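K.L.:
My questions are about this predicted structure, shown below with the sequence.
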Amino acid sequence: MHIYDSVQKAKREFVSQEEGKVSLYVCGPTVYDDAHLGHAKSALVFDLLARVLSANGYEVTYARNITDIDDKIIKKAAEANKSIKEITDFYTDAYHFEMAKLGVARPNIEPKATESLEAMFELIQKLLDSSHAYKTDSGDIYFDTSSDSDYLKLSHRVQDENEKLQRVESSSEKKNSADFALWKSVHDESVSFDSPFGKGRPGWHIECSAMIEKHLAKKEARFAVDIHGGGADLLFPHHENEAAQTRCATNHTLANYWIHNGFVNIDGEKMSKSLGNSFFLRDALKVYDGEVLRFYLLGTHYRANFNFNEEDLLNSKKRLDKIYRLKKRLFGLTHENQKTAFGDELLKTLSDDLNISASLALIDEMISVANEKLDSDAKAKEFKKETLSNLAYIEKVLGFGVKNPYEYFQQGVDEETKAKINSLILQRSEAKKAKDFATSDAIRDEILTYGINIMDTAQGTLWEKI
RNA sequence: GGUGCCAUCGCCAAGUGGUAAGGCCGCAGCCUGCAAAGCUGCUAUCCCCAGUUCAAAUCUGGGUGGCACCUCCA
C-alpha cells in the first residue's frame, strides 16, 4: 500500500519495520472539554487507516493517547469546582461514547499521561544526562533546541534570527527562544506530581514521546513506530518537539511515516465556540446519526480541509442510503463471506493513500450493477451471495452499512408513530386491493405528513424516514 | 512579515503528462394504477496569462483568489 508522508511530502510505498506488523501512534484528545467535529475527523481517519492496514494483512498495534495532564484541565476543574480526575474521567467517557457512535473502534492501547510519568522521568533524565536539556534556577527543565542539529527539519521550518533574539531577550531563563519545557516546576499548592526533579508537571510534548517509548517502541528498532499521525496543526510544534526529544534521548527516530489529517471548518469558517453548538460532536449526534456523520466526514480525502455544512451532509446521506437499500433487498439471506473481485478492487483504491472517492465510486458501481441484476433476475442465488459478501466487506473495511437496514431507515421515529404508520399502510393496502386509489393516495399523503416515504416493493410496502 | 497548501460541472469530489471517475441536483425514458425506490440515457476541457512537450487539468514561470501554520489547538 501507499501512504502520503507529510514530512517527506510524497506518497511512499508503505513497508513496515517488522514483517506483517505495524505500529501506529496517533495523538488523541486532551480531555478538558467535549470533542468537536475535528476530533471526530481525526479519529475516523486513523480508524480507517487501521482497518485498511488490517485488511492488507498487517497485525496492527494502534495506540491513541489520552492527555489527562494539562493546564486547561486544571483550569476547568477549578472553574467547575471538581477534581482533576472527575473532569478527565467525564470527558474521557464522553469521548469513548461519541467515538463508538461514529463506529470508531477502540485502539489497542490508550495510554494516559498520568500513567506514563515514570517513562517521562526516564526520558527527561536521559536528555539531561546527554546535555540536550537543562534545568533553570527556578527548577524548570527545558529541551535545548540548539543541541539538536536536526531540529525543525521535520516541519521544514526556518528559524527567524531576529525573532529568535527578541524572544530570548523578552523571556525568561531559556537559552533559545525555541526551547520548550519538559518539566515545569511547581512551588505552590497547585496540581503537581513528585519527580526526581522536584514537584511539577510535565510539558505536553514529552507525554507523547514517553507513551510511545513505554508502549510501542522496540529498543533496537530504527524507528520507534512505523506511523505517527495526528491533526495537521500538530506538525509544529508538537510533532517537531516530540521527534527531537525521542531522537536525542534514544537511539531511534520517532516515526518512519507521518500522516496528518486536514482540518474541519464549519460553513467555510474555522470552528470556534462562538459559532454555536454544531461545533460539538455531542450536539451533532443529537441531530444526525453517528454513521451518517462517519460517512460524511470520511467522504472527503483525509488530507483535504473539510468544510462541514448541513446541505452537504444530507446529500452525503443519500449515498449511504443506497447501500442500505441494497442491504434491504437482500435482508435475511444467509451467506458465507467470500473473497470477491469487488473486495479486491476496493482494497486497492483504499490502499492508495486512502483514496475514498475512488472507493465510493466503486461502491456506487457495485450497487448499480447489483440493483440491475436483481431487477432482471430476482433469483440469482449465487449473485446474491456475492453481493452480500461485497456489502460485508464494505462494513468491515469502511464501517458503512453496519446497522440493520430497516432500523437505519426508521431511526428517530418513536414507537407510537411507527404503529400509526403501520396501521395506515394496512388501510392503504386494503384500499389498493379494492382499487380505491383516491383513498390509498390520500393515506399516502397523510403518511407523508409524518415525514415518511413509502414504496411498494415485491416485499410489500416499505417505509423510510425522509 | 515568514513558511506551506489549494483553485476541476449549480453543489460535493477523484484524477500528477496521453486526451475529464463517482455522488447530489436537473431533464428525458423504462417500471408503477399513480408515486416512491430501482434501472437507462443526457449535462464540464479543468481560475487567468505565458512557456516546456508530439501531447498538460496534470510540469515551469507570472498573476488572481481562498486557506493553514508560526510554540493553546484534531
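P.N.:
Received it, and whenever you're ready, just let me know what you need. Numbers count the residues shown, from 1 in each chain, chains lettered A, B, ... in the order given.

K.L.:
A:Phe279 and A:Asp33 touch, don't they?
P.N.:
No. Here A:Phe279 lies out of contact with A:Asp33, judged by C-beta atoms under 8 Å, at a distance of 10.5 Å. For glycine as for every other residue, the C-beta is placed from the backbone atoms N, C-alpha and C.

K.L.:
can you count the residues close to whatever residue of the stretch 1-150 of chain A ends up closest to RNA strand B?
P.N.:
Checking the stretch 1-150 of chain A residue by residue against RNA strand B with C-beta to the nearest atom of the strand singles out A:Gly38 as nearest, at 2.4 Å. For A:Gly38, the count of nearby residues is 25 (other C-beta atoms under 10 Å).

K.L.:
what's the answer for A:Ser423, then?
P.N.:
Counted with other C-beta under 10 Å, A:Ser423 comes out at 11.

K.L.:
Pull up the residues of the stretch 301-450 of chain A that are close to RNA strand B.
P.N.:
Neighbours of RNA strand B within the stretch 301-450 of chain A, by C-beta under 7 Å from any atom of the strand: A:301, A:304-307, A:311-312, A:315-316, A:318-319, A:321-322, A:325, A:353, A:355, A:357-358, A:360-361, A:364-365, A:367-368, A:371-372, A:375, A:432, A:437, A:440-441, A:444.

K.L.:
circling back: neighbour count winner among A:Phe279 and A:Asp33?
P.N.:
Comparing A:Phe279 with A:Asp33 by neighbour count (other C-beta under 10 Å), the higher total belongs to A:Phe279, at 19 against 16.

K.L.:
Any figure for the gap between the more buried one and RNA strand B?
P.N.:
Noted for A:Phe279: a distance of 9 Å to RNA strand B, by C-beta to the nearest atom of the strand, to the nearest Å.

K.L.:
For that residue, report the pLDDT, please.
P.N.:
The confidence metric pLDDT takes the value 81 at A:Phe279.

K.L.:
any idea how far A:Gly290 is from it?
P.N.:
Here A:Phe279 is placed at a distance of 17 Å from A:Gly290 (C-beta to C-beta, to the nearest Å).

K.L.:
do the same with A:Glu310
P.N.:
16 Å.

K.L.:
who's more crowded, those two?
P.N.:
More neighbours surround A:Gly290 than the other of A:Glu310 and A:Gly290, with 19 against 13 (other C-beta under 10 Å).

K.L.:
per-residue pLDDT, the residue of the stretch 1-150 of chain A closest to RNA strand B?
P.N.:
92.

K.L.:
and what of the one 5 residues further on?
P.N.:
At A:Ala43, the model reports a pLDDT of 96.

K.L.:
Likewise for the one 10 residues further on?
P.N.:
On pLDDT, A:Leu53 comes in at 98.

K.L.:
I'd like to know how many residues surround the residue in chain A that RNA strand B sits nearest to.
P.N.:
Nearest to RNA strand B, among the residues of chain A, is A:Gly231, at 1.9 Å (C-beta to the nearest atom of the strand). The number of residues packed near A:Gly231 is 19, by other C-beta under 10 Å.

K.L.:
which stretch of helix or strand covers A:Leu297?
P.N.:
Secondary-structure element containing A:Leu297, defined by DSSP states H and E: helix A:290-298.

K.L.:
Now do that helix: which elements does it pack against?
P.N.:
Contacts of helix A:290-298 with other secondary structure elements, assessed using 3 or more C-beta pairs under 8 Å, 6 or more residues apart in numbering; DSSP states H and E, are made with helix A:37-55, helix A:84-101, strand A:306-308, helix A:310-329.

K.L.:
So for that helix, mean pLDDT?
P.N.:
In this model, helix A:290-298 has a mean pLDDT of 96.
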